[in-house]
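A.B. asks: My questions are about this predicted structure, shown below with the sequence.
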Amino acid sequence: MGKDNKEIILTLLNKWRDIAVKEAEALSKGDLEVLGKLTKESLHIRSRLDKLLTGIDSSDMGNDILCIMKEIHEVHTYLTNELSRGRDELSDRIGNIRKNKSSLNGYKQKKVAIPRFMSERT
């Protein structure tokens, strides 16, 4: 791996780490629009890194690259855990809403029949 290649990888990893931290902040604020934009940026950087890191052995990377990758992993672990917790909360709420809706359907009363004054048999 050349010196220029290593510098490019370090720059991209630093950008990715910064974006991951911003994603965590956006998630904690509940700002899903910003989270979506940051995720798209992160995806672009990851695709560039994937091309650069293909075929490179981890022993050739160096400690600085591995340290940044470890930090990114920790932030993404946090993001994954928070998103899973949010998904579970939403699933519980949806389940409660479905249960309440089906309970309400059971309590619906039929319309009261209009009394007939004349018999149809006669």
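C.D. replies: Structure's in. What do you need?
A.B. asks: how much space between Gly55 and Leu27?
C.D. replies: Gly55 sits 34 Å away from Leu27, going by Cβ to Cβ, to the nearest Å. For glycine as for every other residue, the C-beta is placed from the backbone atoms N, C-alpha and C.
A.B. asks: Tell me which of the two has more neighbours.
C.D. replies: Shown here are Gly55 and Leu27; by other Cβ atoms under 10 Å, Leu27 has more neighbours (18 against 7).
A.B. asks: Sticking with the more buried one, tell me its helix or strand.
C.D. replies: helix 3-29 (DSSP states H and E).
A.B. asks: what residue lies at the spatial centre of this protein?
C.D. replies: Leu83 (5.2 Å; Cα atoms, centre = their mean).
A.B. asks: who touches the residue lying closest to that residue once chain neighbours are set aside in this structure?
C.D. replies: Spatial nearest neighbour of Leu83, chain neighbours left out: Leu27 (7.3 Å); criterion: Cβ to Cβ, 6 or more residues apart in numbering. Each residue near Leu27 by Cβ atoms under 8 Å, 6 or more residues apart in numbering is listed here: Leu35, Leu79, Glu82, Leu83.
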